[in-house]
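In: Quick one, what's the 3D model for this:
(4 chains)
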Amino acid sequence: MTEEALPIPVLEVRDLVRHYRLPRESLFAEPGHVYALNGVSFEIQKGKSFGIVGESGCGKSTLARNVMALENTDSGSVKILGKEVVGLNFDQLRPHRRHFQMVFQDPYGSLDPHHTVGRIVAEPLAALGSISKAEKQRRVAEVLQSVGLKEHDVEKYPHEFSGGQRQRIAIARALITHPELIVADEPVSALDVSVQAQVLNLLKDLQEEFGVTYMFISHDLAVVEYLCDEVAVMYLGEIVEKGCTEDLFRTPAHPYTKILLDAVPKPGAGIRRDRIKLKGNVTGQTEQRIGCAFQDRCPMVEDICRKAKPPLDPVGDTHLAACHFSARLLEKA
Amino acid sequence: MVGGTMTLFLLICAAISLFWTPGSAYEIVIANRFLPPSADHWLGTDQFGRDIASMLMTGTQNSIVVAVVAVSIGLFIGVSLGLLAAARRGWTEEIIMRLSDFSFAFPAILSAIMLTAILGPGGVNSILAIGLYNIPVFARLTRGSANAIWTREYVMAARASGKGRLRITFEHILPNILSIIIVQATILFAIAILAEAALSYLGLGTQPPEPSWGRMLNEAQTLMFLDPMQAIYPGLAIAIAVFGLNLLGDGLRDVLDPRLSRKR
Amino acid sequence: MSVFIAKRVLTLIATLIGASMVIFLVMEILPGDPALVILGVDASESAVQTLTKELGLDRPPLERYISWITGLLQGELGNSYAYKVPVWELVQGALLITLPLAIMSIILSIVLALVIGLYAAANHNKAGDVTLMGISQLGISIPNFWLAILLIILFAIELRWLPAGGFPGWDEGILKCLTALLLPSLALATVVGAILARITRSSVLEVFREDYVRTARAKGLSQRATLWRHVLRNALIPVLTVTGIQFAALLTGTVVVENVFHIPGLGSLVLKAINNRDTIVVENVVLLLATMVITVNFLVDILYAVIDPRLKAHDI
Amino acid sequence: MTLLSVQDLTVTLATNDGPARAVRDLSFTLEKGETLGIVGESGCGKSMAALALMGLLPSMSKTTGRINLDGKNLLEKTETEMCRIRGNRMAMIFQEPMTSLNPVHTIGHQIMEPLRLHKGLSDDDAHKETIRLLDRVGIPNPKARIDNYPHQLSGGQRQRVMIAIALSCKPHILIADEPTTALDVTIQDQILDLIQTLVREDGMALILISHDLGVISENTEKILVMYGGAAVETGRTDRIFEELVHPYTQGLFAAMPRLGRARSKRLVTIPGTVPDLISLPAGCTFTDRCPLATDICRETPPPVIEVKGQHFVACHHVEEARARKTEELFS
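Out: Reported below is the predicted structural model:
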């Protein structure tokens, strides 16, 4: 078996940890921490879409920023195309940045209002070093066309576009270096349904055309199901379930996933049915607990959950879940 | 609009006075003291027979020079410090902000008093004092607005593109806070004119025989019972200048406000 | 909360120490030998040296700084070089005039600001609002010492209602003194009040756009009740900030305006001291003024915590 | 008598670029205890319509038509009379729980306010009632929580407090404008459940406004679909989801990613963007994006046609829209 035979994953994340220090609340208390990421591991193969779902405060945006090397990581490793990015400084990273780009949530806040579309879209080319003006123009025109914008839009300013068009500009910016990986943090959640569909379809088309890999972060399960090949569910800075989309959505092996799926309102389903209700709010981002992260809100909680932390173990071919009772859940399904 | 016109008028007055004034602002002709307004002396003469209109016009130069230099000192040093604080964060920011906090305890006139106590009264010292006072004002404003821009997603996007802090500061931060700084500069320009007038009035600023609005008021005050009108003109000149600049600042704010321009 | 107060107190102390050091250093670079000033230019070399020793000016700077500060804490400010009387006596008399003047002015400007600002905000874009804002724009533009002169011309020279200047001294009765301080404080309060009125108005209008104001209206509160119960307290926060900043301006304003009215306050004292090269008086008065500014800003910070319960250590 | 009857409600906002017709000729009725959902995308006028009902529109707007509450037109009432109705007969919950509570007052103070105002309760009684209300909306340990400030509560808890404020005077109508849009899906579930329970217990009528067809579908008996300031389709919820008729409703439904739907199937997209309210076409507002549009759509406002028992559609081409439904109108 030779090295080349094994495909290198586009993104490989191992045991990523990120804790933020809180300011002191009182003179006499130790400063607290926000435990945003507590050892997250996954990998994404070329040309696939990997979805990360979870509620606010589960650490999904922190994960995106750490993968993009936009803030310091406490420990763990992030390999992009096999190259470790944790620990590199900004200058060392710069040439490598062409391989991974990002699309942000807010189509209004992510484009500098004082720059023209041409300048915004060409921005990541800075990582490539010097290229000729003609080459720059050619690539901008090309990428604008592929996201469905017109060539003469380069002279316009962001405020002349609608939210959906702005998100196309943001996608064009991410595409211009022909990256292998695009990290998209809630790219459609600020858009109206009719426009959201346009952008989702565009993302799908671009993947087919360029073979780009997505790490797609969303709180909307239906959107993730539509776009992604594989999904990881996050809760309090940990992945609690991971698997290919069909498995995970049809036969969830973690109670949290099941509750999330149940909580999504479905059009045309009639007046609401009875279902398992989640108790309490997302709490405890600032405390580290013994045992399962989900114990406070879990309807199935038992003594063992408070003592032992369930590992993220396989429950199927490619399906992993971190629950002591996964087998029980799968049986019921 | 009105503010712009008034400011322009002021500049023109200053420019003309470089070459020509209706009478002489310097020549002392005792025979001509306290002349009422006439064709020769538009606003009359003072107790030394100097032409008041000419003194006012020449005084414009003085006010503008002091204000321009003082604001520029504050602008360049303050904005650079503010940008630096926002870009570096951490202890750099802490030091710069503590220093600026601290210098707030010494407003322009207080520092001018100290400076003149050391170096003696004079125009240069008042410029220095006002300029020093402007530095923390600009530093704070710049740092606050720059910090807000640094949290924007487009800055995050620029960082994801591999741009360094210096480049982001000049390509993204500065253009986006420029309008706020311009507006503030206009207002501080007005404040500088006021401060210069106050210092000259106290005898700490521009020294005779150079005409200055503040000192004209000082001299007029002793003659309040004799010729109250003399106390009116220079004050009016200051008020018009400051009023015009304030209006200009408000107007610029409306034109440059990103919230408004975004809607268009 | 404890962290907040502790941090603020520490900042207060640090700022005060810093301010005193700056003043000391500046005075240290000052050319001119105090001993020479006291004795006059024709004093003999030995007399100057003796006096220098007597004044303790031959000691190293650090030692003199420390003795100045310890003296300050005990109310010992040394003797004026020019008048040969304890500085404290000079400062005390002046302070008893400047402080009431400053307090009167700030109260007057806050009252002025709230009345005008709230009225203008309540009648947003109506004739009253536009007129008041025009007037306040003018008020900001008028130099306070010119206004002082105009007030003298109007009330003292033309109408002869109020004295043109001077200060009778507190022994002459409080009423007389307050009358003497009325015009100066009016001159000071007009400018500061105009600035604060504009801030009040814009801040109230801003808060009126907040979601929780809509909630209050949805509860059935009238426009007026909403203004008093929900808008005012939130709108006061920026007004407070500007009041803190404006206090410094107001205090320096008193230095100037005192000279217009020939009131023997700190402003007149410091100017005379500069002319006399009486550095020991200058440094103490400047420190006193700086301390007042710093203290007021400290109080403003503490007031924030009272008004805004969200304030926690990490908000600073 | 009908509790609330709205006829030809039109709201015109004065903007810098000219008058914007945010709501156009909106009519609907609401009986006691009934739940009505208003669904549409941003800028369709749903929030403006709700604010018009409460009489809380910004001052530079003009409202015409009739809003009859118990047969009395609210548009003819004075501001003082409206103050007595708001928070008392009609209450409202807003989208942003983070900013809808006053940060400088305790939550107890804010809940007590309408109780004192409308019910004239004494401080003591209001305090007791507030604790009861907090308990009812599911805030744990209400006796301690009553003195909390909004920033000490999570988003879901703040929305519960908002509900307590709205319910304090037992209103006849509760208007909830996107009450869960800012919340996580599990919290949304809890809050919607709470609203349902309370509305049922008190026999209140509910107007639920949302952009989410799922939320509307699960929580209402009647639906009003809005587009470009006008109602395009109204009727009983089950009827409408049985047969979506208006091209816009069809498109909206098909554009929405739904759980469990075949992944290989592409989402249907509605071309173009929502119309500019300042320069609306004279006829149907959906003309520019509609695959069925003809000249008549641009010129003439569409007639309101009853498709089947109380299911109304405003469209010139109802039959065609129904016929082409099976063959995917937008593909």
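In: quick one: A:Asp15 is in a helix?
Out: No - A:Asp15: not assigned to a helix; according to DSSP: H, G, I helix; E, B strand; the rest coil it is strand.
In: Against C:Val26, how distant is it?
Out: 57 Å (Cβ to Cβ, to the nearest Å). To be clear about C-beta, it is placed using only N, CA and C from the backbone, and glycine gets the same treatment.
In: Look at these two and report which has more neighbours.
Out: C:Val26 (19 against 12; other Cβ atoms under 10 Å in any protein chain shown).
In: hang on, isn't the more buried one packed against B:Met114?
Out: Yes - using Cβ atoms under 8 Å, C:Val26 is in contact with B:Met114, at 5.4 Å.
In: Only alpha carbons, please: show stretch D:276-284 as PDB.
Out: C-alpha atoms of stretch D:276-284 as PDB (Å, rounded to 0.1, in the frame of the first residue of the first chain):
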ATOM      1  CA  ASP D 276     -40.100  47.600  -4.400                       C
ATOM      2  CA  LEU D 277     -43.000  48.900  -2.400                       C
ATOM      3  CA  ILE D 278     -42.600  52.400  -3.800                       C
ATOM      4  CA  SER D 279     -43.100  51.400  -7.500                       C
ATOM      5  CA  LEU D 280     -45.500  48.600  -7.400                       C
ATOM      6  CA  PRO D 281     -47.300  47.600 -10.600                       C
ATOM      7  CA  ALA D 282     -50.900  48.700 -10.900                       C
ATOM      8  CA  GLY D 283     -52.100  45.100 -11.100                       C
ATOM      9  CA  CYS D 284     -50.900  42.000  -9.300                       C
END
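In: Run through who's touching that stretch.
Out: Stretch D:276-284 is contacted by residues D:13, D:15, D:17-22, D:24, D:43, D:45, D:228-229, D:275, D:287-288, D:290, D:293, D:296-302, D:314-316 when judged by Cβ atoms under 8 Å, 6 or more residues apart in numbering or on different chains.
In: Look through the chain and tell me its longest helix.
Out: I went with chain A, as the question did not name one. Assignment by DSSP state H gives helix A:193-210 as the longest helix of chain A.
In: right idea, wrong chain: chain B
Out: helix B:52-88.
In: what's it packed up against?
Out: Helix B:52-88 is packed against helix B:2-19, helix B:90-103, helix B:123-150, helix B:165-168, helix B:174-202, helix B:213-222, helix B:229-256, with contacts defined by 3 or more Cβ pairs under 8 Å, 6 or more residues apart in numbering or on different chains; DSSP states H and E.
In: what ranges do the strands span in the stretch 51-200 of chain A?
Out: Secondary structure of the stretch 51-200 of chain A (DSSP state E, counting those that start in this stretch): strands at A:75-80, A:83-84, A:100-103, A:181-185.
In: The second one near chain B anywhere?
Out: No - using Cβ under 8 Å from any Cβ of the partner chain, no contact is recorded between strand A:83-84 and chain B, whose separation bottoms out at 14.5 Å.
In: List the neighbouring strands of that strand plus their orientation.
Out: strand A:75-80 (antiparallel) (DSSP bridges).
In: CA atoms of the partner strand as CSV?
Out: Presented in CSV, the C-alpha positions along strand A:75-80 are these (Å, rounded to 0.1, in the frame of the first residue of the first chain):
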residue,chain,number,x,y,z
SER,A,75,-4.8,22.6,21.2
GLY,A,76,-5.5,20.1,18.6
SER,A,77,-4.8,20.0,14.9
VAL,A,78,-6.3,21.3,11.7
LYS,A,79,-4.9,19.8,8.5
ILE,A,80,-5.9,21.3,5.2
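In: in that strand, what's buried?
Out: Buried positions in strand A:75-80, judged by neighbour count with 16 or more other Cβ atoms under 10 Å in any protein chain shown: A:Gly76, A:Val78, A:Lys79, A:Ile80.
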